[in-house]
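> next come a sequence and a model predicted from it.
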Amino acid sequence: MKTAIYPGSFDPITLGHLNIIRRASGIFERVVVCIMKNAGKHSPMFTREERVEMARLVTQRYPNVEVTTFDGLIAEYARTFPEGAVIVKGLRANTDFENEFQMALINKKINPDLDTMFLTATQKYTFLSSSVVKELASYGADLSPFVPCEIIDDVMQRAAGNNP
Ligand code: ADP
């Protein structure tokens with residue numbers, strides 16, 4: 001089967017993201033996590049390089065998963081895979097559906113060969129987003145149910161205002 005491209009801002013990567021990555025890695029031969037600029041989302045908590053580093057750290061257990069970045073349109077990025085690729089997205093709620101449905105149609109318009117496949121969020125992560133994680137971290141909450149343990153300290157430190 002083809003390559004799956006999983007795009008997002010991953011600021012920071014959460015257990016919800018990781019759940020989609022793990023499941024996609026069991027379905028596709030290759031999963032490319034593509035860390036985009038946060039279009040519309042200003043002042044990220046982590047730089048793109050830091051987000052890439054964190055995503056690589058927590059996905060290293062999956063041999064068919066790689067982490068990369070791209071600055072342009074994901075529909076154009078997909079063209080760089082000669083063997084073809086599909087986009088994978090996670091769906092949490094109605095709001096995700098509205099946005100993702102529109103995005104999938106736009107991507108198809110730009111690149112008619114490109115399909116988008118949706119994996120429904122695991123129930124225990126339907127409420128989880130990077131924004132929720134940042135909010136909880138700012139109150140010093142226990143992040144262990146929400147983000148991979150390898151990056152909890154980084155998130156807590158950044159929320160406390162400590163830059164490297
Ligand atoms: P967020 O919405 O958390 O800021 P991203 O923009 O990085 O995350 O999201 C990238 C993709 O991951 C999107 O398709 C989004 O719907 C999906 N996703 C995010 N959080 C979850 C979750 N908890 N469960 C399933 N999919 C998710």
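Happy to help now that I have it. Numbers count the residues shown, from 1 in each chain.
> C-alpha only now, for contacts and for neighbours.
Fine.
> what about residue 126, how many neighbours?
Neighbourhood size, residue 126 [other C-alpha atoms under 10 Å]: 14.
> list the contacts of the residue nearest to it when sequence neighbours are not counted.
Computed as C-alpha to C-alpha, 6 or more residues apart in numbering, the closest residue to residue 126 that is not its neighbour in sequence is residue 92, at 4.9 Å. Contacts for residue 92 (C-alpha atoms under 8 Å, 6 or more residues apart in numbering) come out as 120-121, 125-127.
> and residue 92, how far from residue 46?
Look at residue 92 and residue 46: by C-alpha to C-alpha, to the nearest Å, they are 23 Å apart.
> what's in contact with the helix or strand bottoming out on mean pLDDT in the chain?
When the helices and strands of the chain are scored by mean pLDDT, DSSP states H and E, helix 94-110 comes last with a mean of 91. Applying C-alpha under 8 Å, 6+ apart, the contact partners of helix 94-110 are 74-76, 89, 91, 114-116.
> buried residues in the next helix or strand after it?
Scanning forward in sequence from helix 94-110 by DSSP states H and E, the next helix or strand is strand 115-120. The neighbour-count check on strand 115-120 (16 or more other C-alpha atoms under 10 Å) flags 115-116 as buried.
> ok now strand 115-120, how far from the chain's centre?
The chain centre lies 13 Å from the centre of strand 115-120; the measure is C-alpha atoms, centre = their mean, to the nearest Å.
> C-terminal to that strand, which secondary structure element comes first?
Following strand 115-120 in sequence, per DSSP H and E, is helix 130-138.
> can you name every helix or strand that that following helix contacts?
helix 152-159 (3 or more C-alpha pairs under 8 Å, 6 or more residues apart in numbering; DSSP states H and E).
> just the C-alphas of the helix it packs on, formatted as PDB.
Backbone C-alpha positions of helix 152-159 (Å, rounded to 0.1, in the frame of the first residue of the first chain) are rendered in PDB as follows:
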ATOM      1  CA  ILE A 152       6.600  16.200  29.300                       C
ATOM      2  CA  ASP A 153       9.600  18.000  30.800                       C
ATOM      3  CA  ASP A 154      10.100  20.100  27.600                       C
ATOM      4  CA  VAL A 155       6.500  21.100  27.600                       C
ATOM      5  CA  MET A 156       6.300  22.000  31.300                       C
ATOM      6  CA  GLN A 157       9.500  24.000  31.000                       C
ATOM      7  CA  ARG A 158       8.400  25.900  28.000                       C
ATOM      8  CA  ALA A 159       5.000  26.600  29.600                       C
END
